[in-house]
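**Q** Okay, here's the prediction I keep looking at, along with the sequence it came from:
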Amino acid sequence: MIKNLIISIILLVTFYSDNLLAFENKILLKIDNEIVTTVDIAKEIEYLKTINKEINTLEKNKIIEIAKNSIVRDKIKKISLEKIFEEFKVDEEYLNQLIVNKYRRIGFQDLESFKKYLNQNNVKYEKIREKMIIDAMWSEFIYAKYKDNIKIDRNKIAEEMTQKKNKNYLLSEIIFNGIDKKELETNYNNILNTIKENGFENAALIHSTSQSAENGGKLGWIKEASLSKIILNEISQLKKGDYTSPIKIPGGFIILKINDFKEESISENIEEEINKIIKIKTNEQLNQYSNIYFNKIKKDIVIYER
């Protein structure tokens, strides 16, 4: 039955923009009281293709799996947030900045060009906003819940900045779970196989539980002083294009790939640099707490696959 549904989705995705009404809209998943249909999957695939063109290089069944996992993540977050907030409301200025960050990350400089691009690819701008609202409210909730757990030593950062070379790394990540040794080995081997077959960025799309997954795990330029000693020890010996073995982090494991690195002159405004590093470290810890909490609530969500 699952095989037949996958075939239906592939047909729907192939002809989606031409003749959507020619296909039966079947229910594939039920997540608590939320349903996911073949049309939902098709729309999610179109959204993901606009955000990361690398996805087009994958086989259709893998693209479908990525879309399904993306929807499941959004639905679980939405269900959880609905139990906490009476209404979904986000500061417009903050929301607009999130949208700006998203379209600039994929190469657009203004909103109108981005909207035109979305329209050309059958993706509604409202869908982007809806996703951003869920992400924003989720981030707000995670911050409120775990802000007192964040541990950052400003004096230590200042001291490390004087000791380290001012090196920046262009990194990508894959974050995954490994509750025990068997699960760790299984997940890691699956990731390695995908990297060999489809590349690191596509492996992040398929396997990573991080919010960076839809961007192929890309983190951008990261300052050396913002990295922990454990991670720095792992990546300092690598060359461009290399990636680490799994590194234990709170809530799971991380694999990091070095896309590039460069030396940078030390800024005259040390305080500004320290504040940037504190922000990076804060977001890193919040992302880890986000993964921990998400995995916890996912166990209590009933997911029925038809």
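**A** That came in fine, so what should we check first?

**Q** got a list of what residue 212 touches?
**A** Residues counted as contacts of residue 212 (C-beta atoms under 8 Å, 6 or more residues apart in numbering) are 172, 173, 204, 218, 219. Every residue, glycine included, has its C-beta placed from N, CA and C.

**Q** just checking, which of these belong to strands?
**A** Judged by DSSP state E, the subset of the contacts of residue 212 located in strands is 172, 173, 218, 219.

**Q** ok, which pair from these is furthest apart?
**A** Largest separation among these by C-beta to C-beta: 173 and 218, giving 8.3 Å.

**Q** The two: which is more packed in?
**A** Comparing residue 173 with residue 218 by neighbour count (other C-beta atoms under 10 Å), the higher total belongs to residue 173, at 24 against 19.

**Q** Nearest to residue 208 among the ones in strands among the contacts of residue 212?
**A** Minimum distance to residue 208 across the ones in strands among the contacts of residue 212 is 6.9 Å, recorded for residue 173 (C-beta to C-beta).

**Q** Lowest mean pLDDT among the helices and strands of this protein, which one is it?
**A** Of all helical and strand segments in the chain, the minimum by mean pLDDT, DSSP states H and E falls on helix 2-19, at a mean of 47.

**Q** helices or strands up against the lengthiest helix in the chain?
**A** Identified as the longest helix of the chain according to DSSP state H is helix 270-298. Taking 3 or more C-beta pairs under 8 Å, 6 or more residues apart in numbering; DSSP states H and E as contact, the helices and strands that helix 270-298 lies on are helix 60-82, helix 125-146, helix 154-163, strand 218-223.

**Q** and the shortest one, what does it pack onto?
**A** Put plainly, it is strand 218-223. strand 167-176, helix 270-298.

**Q** Could you say which one of these comes nearest to residue 29?
**A** In this view, the helices and strands packed on strand 218-223 are compared for proximity to residue 29 by C-beta to C-beta, and helix 270-298 is the closest at 13.6 Å.

**Q** tell me the mean pLDDT for the closest one?
**A** Here the mean pLDDT over helix 270-298 is 89, rounded to a whole number.

**Q** Neighbouring strands - and their directions - for the helix or strand following it?
**A** Downstream of helix 270-298, the next assigned helix or strand under DSSP states H and E is strand 303-305. For strand 303-305, the paired strands and their directions (DSSP bridges) read strand 27-31 (antiparallel).

**Q** Run the chain-centre distance for the partner strand.
**A** The chain centroid and the centroid of strand 27-31 are separated by 22 Å under C-alpha atoms, centre = their mean, to the nearest Å.
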